[in-house]
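Undergrad: Pasting a predicted model and its sequence here:
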Amino acid sequence: MLVINEYRILSMIGRLPSGPGRRFNRQLARLLLLAGFLSASSGCVNQPMNPLISEAQMSLKEARRARSDPRLAAGDYLDAAGTYLQAKGNNSTKAPAEAQPIYNTACQELAVLLQSNSQLWGRTETIQSPHHVYRLRFAAGSRQAGTWDPAYMDFFRTPRRIRLNATNENLQKNGWGGVLVGVHKPADPRKYFLPRAGLAVPVTAVVTIAPDRSQAANVQDVTLSLYNPSGRETAEIGDTQRPLAADLAAPSGYYPNPLLAGLYAMMRPGSYQERAGLYMLEPYDPDRIPVVFIHGLLSIPQMWRPTISAIQADPELRGRFQFWVFAYPTGDPIVLSAFRLRESLARVYQFYPETKGMILIGHSMGGLLARLQSVNSGRVLWDGVFRDDADRLYTTLPSDSLVKKALIFDSNSRVKRIVFICVPHRGSYLATNWVGAIGISLIRLPSAIISRAELVLLGPILKNIGFKRLPTGINGLSPRSPLLRSLDTLPIGAPYYSIIGDRGRGDTPNSSDGVVPYWSSHLAGAQSELIVPGPHGSFALPPTIAELKRILRLHLAKLGRDRPTSAPPLASVSNHL
């Protein structure tokens, strides 16, 4: 019995030579496919074969073999993507389902191929394949259409090239289009509060093909659109609205997550200074509400990945907020880190004056930095820290002294809400026992953390209050810390909420999250207080995520805002970059 299998045919084709005889090879392959189809029709084949699907598989294979010639490969990719439009009208009910993975792969690999060749990217080009002549155009970036500007993308990464420690199924969507991570990397990313590696965003590449009425009948009009799936869920493909494929978690996996980076940043704060600051994790959008996440001791911003991903997975919240993170070396004095956060937030509003009021979410030490953004300190902190020497030191140091700027400041009126997660408002005894002593001994503060003149003045005073050198971040977490005791007397200017761990023992108010006791985390004036059955690292627990979502919904209800009807893209972003 004659047995013909399309995969065998493709294997045969793969062994055929490329070059001048390529078109003949393609024709021979099609003859073999036709023979297989006729054999199947006569009942001589034990495995049915759809000729259109086989043709698309062959085009995809040829495209990959021809990548050294981008125009040639692009034509094959367009042939493979165009199979869906033909398969839609085919009698085989399996054709569309079989065509979908081929179409998605063709769109994905075509976008990567074109972007890596500047002569073919972002411009109208004529592409010829063995079957058709294509007039290739690119959809412009449009807020209303939910498309990215092709010029915004400096390169693409496929989700396969990005390793995620964990995936969020709610952020992965089956559908149509090539799933990509687009990276925008301007010459000076930090100028725009972007990560040094560039800003990674979700992209779904979609190819649409239609006859070009203005050209000859065999010319196909092709549009490549780069959709932003975080704000748009469907697109018209083959005259039908189809759900877009997406992996909204993949962009976070693009960023490096160096091992032990949090420990090194605590031990050697000076080496981390260039990395410190505010980072935007998505393109700036004046219509979205900023949510700033602030990590705690021994940690780095990457700790917030699961928390942010879980919030983004909520369709009610997606598209309404923009998520930022603040990075800082946790070995530095707490008031110095809070000062740097204050400066970073001020620069954002200078650079982007249309920015809306923000929500701060702080874990552990990060919660203290958040609290220090929403109090009017007057001289309360200054007097509490320097005690009997406060007046003399105040008159001696100049007004632009870093010490003065770190301890004397006004509340930031743009902070609209604060969420405290396992925050030691009144300190932790771990900072004063042998664990804290080891941590303090490991920290090496940079010699230039303050001016030499200030250090000369502060030296004797620090000794009087029990410090041989400048206090570190761990020193500042002591229950005896004059900073924390003074801060606890100042009212917080924004509504605030507490999430507190108890390790699952349910013994509140005698509970602890293993690091911070309840008496230290509890604030009587909180709008709400949630006890979660977890340890100090409870920032990613399901009850914590649910509470954060509740607070964000409450914020939206307070503002009375309707959800934007389209995704942000990049016409507006490009104006700022």
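TA: Received, thanks. Residues are numbered from 1 along each chain as shown.
Undergrad: switch to C-alpha atoms for all contacts and neighbour counts from now on
TA: Noted.
Undergrad: quick one: strands adjacent to whichever strand in the chain runs longest?
TA: Once the chain is assigned using DSSP state E, the strand that runs over the most residues is strand 199-211. Applying DSSP bridges to the sheet, strand 199-211 is found paired with strand 178-184 (antiparallel), strand 219-227 (antiparallel).
Undergrad: Where do the helices of the stretch 151-300 of the chain begin and end?
TA: Assigned by DSSP state H, counting those that start in this stretch, the stretch 151-300 of the chain shows helices spanning 250-254, 261-267, 269-272.
Undergrad: Around the closest residue to residue 265 other than its chain neighbours, how many other residues sit close by?
TA: In this structure, residue 265 finds its nearest non-sequential neighbour in residue 329, 4.9 Å apart by Cα to Cα, 6 or more residues apart in numbering. By other Cα atoms under 10 Å, 30 other residues sit near residue 329.
Undergrad: how would you label residue 329: helix, strand or coil?
TA: Three-state assignment for residue 329 (DSSP: H, G, I helix; E, B strand; the rest coil): coil.
Undergrad: burial measure for residue 69, as a count.
TA: Residue 69 has 10 neighbouring residues, counting by other Cα under 10 Å.
Undergrad: Residue 399 now?
TA: By other Cα under 10 Å, the residues close to residue 399 number 11.
Undergrad: now do the one 10 residues further on
TA: The criterion is other Cα under 10 Å. On that basis, residue 409 has 19 neighbouring residues.
Undergrad: Quick check: it vs residue 479, distance?
TA: 23 Å (Cα to Cα, to the nearest Å).
Undergrad: What is the burial count for residue 374?
TA: Number of residues near residue 374 (other Cα under 10 Å) recorded here: 25.
Undergrad: tell me, how many neighbours does the closest residue to residue 159 other than its chain neighbours end up with?
TA: In space, and not counting its chain neighbours, residue 159 is closest to residue 250: 5.9 Å by Cα to Cα, 6+ apart. Residue 250 has 28 neighbours, counted by other Cα under 10 Å.
Undergrad: Any stretches of this structure with poor pLDDT?
TA: For the chain, the stretches with pLDDT under 70 are 1-49, 84-96, 163-170, 211-217, 259, 264, 432-471, 561-577.
Undergrad: what helices or strands is the helix or strand hosting residue 342 leaning on?
TA: Using DSSP states H and E, residue 342 sits in helix 334-351. For helix 334-351, the packing partners by 3 or more Cα pairs under 8 Å, 6 or more residues apart in numbering; DSSP states H and E come out as strand 277-280, helix 365-371, helix 402-407.
Undergrad: Can you tell me the strand partners of the first one and which way each runs?
TA: This points to strand 277-280. Partners of strand 277-280, by DSSP bridges, with direction: strand 321-327 (antiparallel).
Undergrad: residue ranges for the strands of the stretch 401-550 of the chain, please.
TA: 415-421, 496-501, 529-532 (DSSP state E, counting those that start in this stretch).
Undergrad: circling back to that earlier point, pick the most buried one from the strands paired with strand 199-211.
TA: With neighbours defined as mean count of other Cα atoms under 10 Å, those peak in mean count at strand 178-184, which reaches a mean of 26.
Undergrad: I'd like to know how far residue 226 sits from residue 183.
TA: Counting by Cα to Cα, the gap from residue 226 to residue 183 is 13 Å.
Undergrad: er, residue 157 I mean
TA: From residue 157 across to residue 183, the span is 8 Å (Cα to Cα).
Undergrad: Same check on residue 302?
TA: Distance, residue 302 to residue 183, by Cα to Cα: 18 Å.
Undergrad: Residue 298 is nearest to which of the helices of the stretch 151-300 of the chain?
TA: Closest to residue 298 of the helices of the stretch 151-300 of the chain, according to Cα to Cα: helix 261-267, at 4.5 Å.
Undergrad: from the middle of its chain, how far away would the closest one be?
TA: How far helix 261-267 lies from its chain's middle: 22 Å, per Cα atoms, centre = their mean, to the nearest Å.
Undergrad: show me what contacts residue 134?
TA: By Cα atoms under 8 Å, 6 or more residues apart in numbering, residue 134 lies in contact with 75, 126, 127, 128, 219, 220, 221, 222.
Undergrad: after the helix holding residue 342 comes which helix or strand?
TA: With secondary structure assigned by DSSP H and E, helix 334-351 is succeeded by strand 358-363.
Undergrad: now the angle from that next one to strand 496-501?
TA: Interaxial angle, strand 358-363 versus strand 496-501 (axes from the mean of the first three to the mean of the last three Cα atoms, to 10 degrees): 20 degrees.
Undergrad: partners of strand 358-363 in the sheet?
TA: Counting by DSSP bridges, strand 358-363 is paired with strand 289-294 (parallel), strand 415-421 (parallel).
Undergrad: Residue 145: which of those strands is closest?
TA: Smallest distance to residue 145 across the strands paired with strand 358-363 (Cα to Cα): 21.3 Å, for strand 289-294.
Undergrad: Keeping just the C-alphas, turn the closest one into CSV.
TA: Extracted in CSV, the C-alpha atoms of strand 289-294 (Å, rounded to 0.1, in the frame of the first residue of the first chain):
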residue,chain,number,x,y,z
ILE,A,289,-2.2,55.9,38.2
PRO,A,290,1.3,55.2,39.4
VAL,A,291,1.8,52.4,42.0
VAL,A,292,5.3,52.5,43.5
PHE,A,293,6.7,49.3,45.1
ILE,A,294,9.5,49.7,47.6
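Undergrad: What's the local residue count around residue 429?
TA: Residue 429 has 18 nearby residues by other Cα under 10 Å.
Undergrad: One more: residue 390?
TA: Counted with other Cα under 10 Å, the neighbours of residue 390 add up to 17.
Undergrad: Show residues contacting stretch 188-205.
TA: 107-108, 111, 148, 177-186, 224-230, 244-248, 250-252, 254-255, 277-283, 577.
Undergrad: so what's the closest residue to residue 154 other than its chain neighbours up against?
TA: Nearest residue to residue 154 in three dimensions, chain neighbours excluded: residue 184, at 5.2 Å (Cα to Cα, 6+ apart). Contact analysis of residue 184 by Cα under 8 Å, 6+ apart lists 152, 153, 154, 155, 198, 199, 200.
Undergrad: Equivalent analysis for residue 376, please.
TA: Contacts of residue 376 by Cα under 8 Å, 6+ apart are 409, 410, 411, 490.
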